[in-house]
Structure formats: structure tokens, C-alpha cells
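Undergrad: next comes the sequence, and after it the predicted model I'd like to discuss.
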Amino acid sequence: QVQLVESGGGQVQAGASLRLSCTGSGRTFAGYTMGWFRQAPGKEREFVSRIPWNRGQTVYADSVKGRFTVSRDNAKNMVYLQMNSLRPEDTAVYYCATSAGVIVGPWTSPDYWGQGTQVTVVG
């Protein structure tokens, strides 16, 4: 059974940083794209960032470009999201996600989801 477990969320002041982590288990993630989505209160879930298996071309939503950095450790089946210069509008539940292969174009239907971790930015 595939599981994705997120950690690292919390409440911070605007301008602060947080690092989210996601650990995958239940299968090998070789060849899988991994990444992050988020869902703010009253809004639809939206794409944040993704990184392919070979850590090649990373992709970001325009709203987080220049502030967030995605990375992964394939040996540990982990993906990370370093979030800097956080803003109140970044407040959301952040979900780890993964799909087999390389994603071309919008990533709308991941194969697997985590249960999410809350990030709250105040101030």
C-alpha cells in the first residue's frame, strides 16, 4: 500500500520560512515525479511545484516562483519544499503527491496523495 506522509507544517509570521518534508513508502518511486499541491480555505486544490525522478526540470506555480524550492532524495523516497518569504496567502493545507513518469503540461491527477499538513502564515 502506497503511503505519502507529510511533515513540517505549522504557524509562522509573514516573512518566515518553513521546510515541508514528505516520505513515501509502499513501493519504489523510481521514475516517479513527486511534488506539492495546496488547498486554502474555501478554494480548490492547486498545484505548487513538482520535480522529476532525475531532479531535472522543476516546475513552480507563478505564485511561489522565487520563494519556494522543491528537492528530493531518491535514496530516502523523500521530497521537500523549502518555503521562504511566506505570505498570509500561502496559508493552506499542503499535500504531497506523486505520479509515474514525467509530467508534460499541467499536473492535474496525481496517482497518489498524502493526507496534508497545515501551513498558517499570520501577520
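TA: Arrived safely.
Undergrad: for Val104, grab phi and psi.
TA: Main-chain torsions, Val104, degrees, to the nearest 10: phi -120, psi 120.
Undergrad: what does the one 10 residues further on give?
TA: For Gly114, the backbone dihedrals are phi -90, psi -180 (criterion: degrees, to the nearest 10).
Undergrad: got a list of what the nearest residue to Val64 once chain neighbours are set aside touches?
TA: The spatially closest residue to Val64, leaving aside those adjacent along the chain, is Val48, at 5.9 Å (Cβ to Cβ, 6 or more residues apart in numbering). Where you see a C-beta, it was placed from the backbone N, CA and C, and this is true even at glycine. Val48 sits next to Gly35, Trp36, Phe37, Arg38, Tyr60, Ala61, Val64, Phe68, Leu81, Tyr94 when contact means Cβ atoms under 8 Å, 6 or more residues apart in numbering.
Undergrad: right, and the helix or strand after the helix or strand hosting the last one?
TA: It stands for Tyr94. Element membership for Tyr94 (DSSP states H and E) is strand 92-100. Later in the chain than strand 92-100, the nearest helix or strand by DSSP H and E is strand 112-113.
Undergrad: next helix or strand past that next one?
TA: Moving toward the C-terminus from strand 112-113, the next helix or strand (DSSP H and E) is strand 117-122.
Undergrad: what confidence value was assigned to Asp90?
TA: pLDDT recorded at Asp90 is 98.
Undergrad: for Asn84, see how far away the closest residue to it other than its chain neighbours is.
TA: Distances taken as Cβ to Cβ, 6+ apart place Val121 nearest to Asp90, at 5.2 Å, with adjacent residues excluded. Distance, Val121 to Asn84, by Cβ to Cβ, to the nearest Å: 12 Å.
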